[in-house]
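Colleague: quick one, fold the following:
(chains A and B)
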Amino acid sequence: MDGKWSWVKAGVALGILNIIIFLSGNHLGTTTFYSQTTGYITTFFFPEWIPISAWTKGTCGGSESLSVGWQWLFVMGLFIGALGGNRTSKVKIPKEEVPKMWTERFGDKPRLRFTHAFIGGFLLLFGSRLAGGCTSSHVISGMSQMAVSGIVFGMAVFAAGIPTALLLYRKGGNI
Amino acid sequence: MNSILAIVFGIAFGFILQRAGALEYKHILRTLRLIDLRIAKFMFLSVGISTVGVFSLRTMGLISLDMIKFNSVGTLLGGLIFGVGFAITGYCPGTSIGAWAEGKKDAVFVVLGGLLAVLTFTLVQDQLFSYLAQYDAGELMLGDILSFNSLALGALYSVAVGFIVYYADKIELKLSTKKAPQAQEPLSQ
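Modeller: Next up is the predicted model:
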């Protein structure tokens, strides 16, 4: 296996993996991981603040308790798999603190990028919790089941993402 | 056993995302700026392939659907907010974990922002959910609306998604060959 795959190869691979995951009786998803992790941290410091059942309410994980569940282990695997993919890749992925494309557009300001990333990350997960899932659960898993929620979510993501990206890079910048 | 499967599937998912280039800011932004649609094509091709498998296996009784409830306001608004975050970060909740594994520091801030968002959401969710309840449509799929054999509909849907991906690729290729001569001009001077 060398370097990068074409989108066709990667798409076929993900499609097959998705079917196998369905066959095992599980579903792709990563939002629950965030819910459970935040729940753990908060409950550790402030045990009485928020009831445990509140954390995963409305997510695809659905469990009522905080536990290292299926989705948590799945995301841990994701981390390992990405690390493994990175180390075995013949195409060298530059280990950059800030993406080169971003620097060419906004200047060499790592702190500004980290602020963007933090605010953007906030929007990602707030949106995910509001919609009940993210790209994995709504698009990859949901749209494969022809779920109306997945189709609407997928369209909304691009409907907002494309103008935002065009606006951010309205002055051009590295392609 | 299921726990081991979770890790194995996760590893495969992370590996595929890495190989697809989905863990890279530039690929997400190029897709959203409509310059290079590789990530969108990758995602929707996998959806098209999955759908055939999912509905075939469902007809055989081997799997059952498990969908996220559709809430016309919640799903739409959540998706729009997500989309803005997607364009700002260049990651999604899953790929930011993978990008973090690759040593990208900005992805760590995405994860941290995400954790704060979950905390914030959890604090206001009771009010939000009680407001959104009126728009709840439950677990809904296309087959429920169109009252059509779901296997046939699944096949049709797969073909439609396949066509969209195929034509997106064709149009993209056409545009890039049109642009190419302009791009070469400065080089020849």
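Colleague: which helix or strand contains the residue most central in space within chain B?
Modeller: The structure's chain B has its C-alpha centroid closest to B:M43; by CA atoms, centre = their mean the separation is 5.9 Å. Secondary structure from DSSP states H and E places B:M43 in helix B:38-59.
Colleague: name the helices or strands packed onto that helix?
Modeller: On a contact count with 3 or more CB pairs under 8 Å, 6 or more residues apart in numbering or on different chains; DSSP states H and E, helix B:38-59 meets helix A:7-23, helix B:2-20, helix B:25-32, helix B:150-188. Using the backbone N, CA and C atoms, a C-beta is placed for each residue, glycine as well.
Colleague: for B:G53, find the nearest of the ones you listed.
Modeller: Nearest to B:G53 among the helices and strands packed on helix B:38-59 is helix A:7-23 (3.6 Å), distances taken as CB to CB.
Colleague: which is the next helix or strand following that closest one?
Modeller: Taking DSSP H and E, what comes next after helix A:7-23 is helix A:31-45.
Colleague: got the angle between the following helix or strand past that next one and helix B:2-20?
Modeller: Following helix A:31-45 in sequence order, the next helix or strand is helix A:70-88 (DSSP H and E). Here the directions of helix A:70-88 and helix B:2-20 differ by 40 degrees (axes from the mean of the first three to the mean of the last three CA atoms, to 10 degrees).
Colleague: and helix A:70-88 with helix A:7-23, angle?
Modeller: Using the same axes, to 10 degrees: helix A:70-88 against helix A:7-23 is 150 degrees.
Colleague: for helix A:70-88, which positions count as buried?
Modeller: Using 16 or more other CB atoms under 10 Å in any protein chain shown as the burial criterion, the residues of helix A:70-88 that qualify are A:70-83, A:85-86.
Colleague: mind saving the C-alpha coords of that helix as PDB?
Modeller: The C-alpha coordinates for helix A:70-88 follow below in PDB (Å, rounded to 0.1, in the frame of the first residue of the first chain):
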ATOM      1  CA  TRP A  70     -18.800   1.300  21.500                       C
ATOM      2  CA  GLN A  71     -18.500   4.700  20.000                       C
ATOM      3  CA  TRP A  72     -15.800   5.800  22.400                       C
ATOM      4  CA  LEU A  73     -13.700   2.700  21.500                       C
ATOM      5  CA  PHE A  74     -14.500   3.300  17.900                       C
ATOM      6  CA  VAL A  75     -13.000   6.800  18.100                       C
ATOM      7  CA  MET A  76     -10.000   5.500  19.900                       C
ATOM      8  CA  GLY A  77      -9.500   3.100  17.000                       C
ATOM      9  CA  LEU A  78      -9.900   6.000  14.600                       C
ATOM     10  CA  PHE A  79      -7.000   7.800  16.300                       C
ATOM     11  CA  ILE A  80      -4.800   4.600  16.100                       C
ATOM     12  CA  GLY A  81      -5.800   4.000  12.500                       C
ATOM     13  CA  ALA A  82      -5.000   7.600  11.400                       C
ATOM     14  CA  LEU A  83      -1.700   7.300  13.200                       C
ATOM     15  CA  GLY A  84      -0.900   4.000  11.500                       C
ATOM     16  CA  GLY A  85      -2.000   5.400   8.200                       C
ATOM     17  CA  ASN A  86       0.300   8.400   8.700                       C
ATOM     18  CA  ARG A  87       3.300   6.400   9.600                       C
ATOM     19  CA  THR A  88       3.000   3.900   6.800                       C
END
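Colleague: count the neighbours of the residue lying closest to B:M43 once chain neighbours are set aside for me.
Modeller: Closest residue to B:M43 apart from its sequence neighbours, by CB to CB, 6 or more residues apart in numbering or on different chains: A:V139 at 6.1 Å. By the criterion of other CB atoms under 10 Å in any protein chain shown, A:V139 has 25 neighbours.
Colleague: from what I see, A:V139 and B:G48 are in contact.
Modeller: No - with contacts counted by CB atoms under 8 Å, A:V139 stays clear of B:G48, the gap being 12.0 Å.
Colleague: can you pull the contacts of the residue of chain B found nearest chain A?
Modeller: With CB to the nearest CB as the measure, B:G10 is the residue of chain B nearest to chain A, at 2.0 Å. Listed by CB atoms under 8 Å, 6 or more residues apart in numbering or on different chains, the contact set of B:G10 reads A:73-81.
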